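>>> My questions concern the predicted model and sequence given below.
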Amino acid sequence: MTKLKLLSIAVIGLILINLVLLTFLFLRKPPPHPPDRQPPLSERRGPAEMIIKELHFDKDQVSQYEKLIDVHKNTIKELDDSIRITKNDLYKTLENDNTSEKDSLVNRLSNLQKQIETVHYDHFADIKKICRPDQINYFNELISKLAEFFSPKKGPPPHKDPKDL
């Protein structure tokens, strides 16, 4: 076999590989939703989808539930932001060893966490309010699953590199 023939076979092989790759790229399915727009709540995975399915919500209830979620997310985001700011203030007290300020910031963090838990509780009370009487049993079953669904996953804690701290 001459060098020219071997080179011709290699070039033809590479062209075929490129054609297969281009065909794959152009013929694959596009993502189900544009990346700049989230899918409707009823099509998402996670707690919202689980709640919609478990409670057998109709379209009107899903719409009401979406509004509840928006309010809940905004409230939790504000509280999380306050916690982040307060934690920054807390760790700044290490610069001057101000224990009285430290204690008040720890108490503030405790109160903020208490507010978060109250917001979560009220959120589920509001979900219960949009349930029809025939869905209350489903709601009660869901409540028994909530603790395990929202609890931290078991297993060893993730390893953190000391450089990241």
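Sure thing, it's come through.
>>> How much space separates the residue lying closest to residue 54 once chain neighbours are set aside from residue 136?
The spatial neighbour of residue 54 that comes closest, neighbours along the chain excluded (CB to CB, 6 or more residues apart in numbering), is residue 142 at 4.7 Å. Heads up, the C-betas are built off the backbone N, CA and C, glycines and all. Between residue 142 and residue 136 the computed distance is 10 Å (CB to CB, to the nearest Å).
>>> quick one, which of the two is more surrounded?
residue 142 (20 against 12; other CB atoms under 10 Å).
>>> Distance of the more buried one relative to residue 87?
Taking CB to CB as the measure, residue 142 falls 32 Å from residue 87.
>>> which residue packs closest to residue 123, ignoring adjacent ones?
residue 72 (4.6 Å).
>>> Need the pLDDT of the one you found.
Note on residue 72: pLDDT of 94.
>>> Check which helix or strand it maps to.
helix 59-92 (DSSP states H and E).
>>> Distance check, the residue most central in space within the chain against residue 104.
For the chain, residue 46 is the residue whose C-alpha lies nearest the centre (CA atoms, centre = their mean; 7.5 Å). Separation of residue 46 from residue 104 (CB to CB) stands at 36 Å.
>>> Could you tell me which residues make contact with residue 117?
Applying CB atoms under 8 Å, 6 or more residues apart in numbering to residue 117 gives no contacts.
>>> And it, how far from residue 106?
17 Å.
>>> And for residue 88?
Residue 88 sits 14 Å away from residue 106, going by CB to CB.
>>> the more surrounded of the two?
Of the pair residue 88 and residue 106, residue 106 is the one with more neighbours under other CB under 10 Å, namely 14 against 10.
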